[in-house]
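> Build me a model from this:
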Amino acid sequence: MSATRQPQVTVLAGPTAVGKGTVSTYIRDNYPDVWLSVSATTREPRPGEQDGVHYYFTDRDEFQRLADTGQMLEWAVVHGRNCYGTIRSKVEEAAEAGKHVLLEIDLQGARQVKASMPEAKFVFLAPPTWEELVRRLTGRGTETPEEQQRRLETAKLELAAESEFDVTIVNDDVERAADELVGLMGLVPHQR
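Sure, this is the predicted structure:
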């Protein structure tokens, strides 16, 4: 592949608890042609999460070293607590190999990628309603009531950024949303 070819990168972002991880997991499990970036994070693993599969779990010092040395394509402190980021070399290698790259990241990260990789496609994953977003967040049972409230306040700001994206997909059904996203990436969605 020539060095001048543009990377095939799609960025998926949206408010907390909208189902970005669920849609991405569905794509990972059903669309082997999509290379799903694994983010690094300083947060503790949730039940069932595996290092190197769901996230690269690291401590704050190592994360900061990667960020300080330019090894992160994007990174942010999310909800005022934990760091999340995308390792630049992994994305560049996959894109240069001609793979369909999917980055599932937060709004701050999407803005950083847009600044350094404006040719990427930016997709906003939206909830069907605010009430459904609240139900999904509180129904997870993985955050304290204080953390839930902090995430809901963040979600209001994140929803206001929808116009910054190229396309919006409503996550009213995981399979449908995933198929729509894969179609936008230039792949043929599964027939239902």
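> send the alpha carbons of the longest helix seen in the chain over as CSV?
Looking across the chain with DSSP state H, the single longest helix is helix 145-159. Output of helix 145-159 as CSV, limited to C-alpha atoms (Å, rounded to 0.1, in the frame of the first residue of the first chain):
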residue,chain,number,x,y,z
PRO,A,145,-25.4,6.9,43.1
GLU,A,146,-22.8,9.8,43.2
GLU,A,147,-21.0,8.4,40.2
GLN,A,148,-24.3,7.9,38.3
GLN,A,149,-25.2,11.6,39.0
ARG,A,150,-21.7,12.7,37.8
ARG,A,151,-22.1,10.6,34.6
LEU,A,152,-25.6,12.0,33.9
GLU,A,153,-24.3,15.6,34.2
THR,A,154,-21.5,14.7,31.8
ALA,A,155,-24.0,13.0,29.4
LYS,A,156,-26.0,16.2,29.1
LEU,A,157,-22.8,18.0,27.8
GLU,A,158,-21.9,15.1,25.5
LEU,A,159,-25.4,15.0,23.9
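> and it, how far out from the chain's middle?
Distance of helix 145-159 from the chain centroid (Cα atoms, centre = their mean, to the nearest Å) equals 17 Å.
> Return the set of buried residues in the following helix or strand past it.
Moving toward the C-terminus from helix 145-159, the first helix or strand encountered (DSSP states H and E) is strand 167-170. Using 16 or more other Cβ atoms under 10 Å as the test for burial, strand 167-170 gives residue 169. C-beta here means a position set from N, CA and C on the backbone, and glycine is covered the same way.
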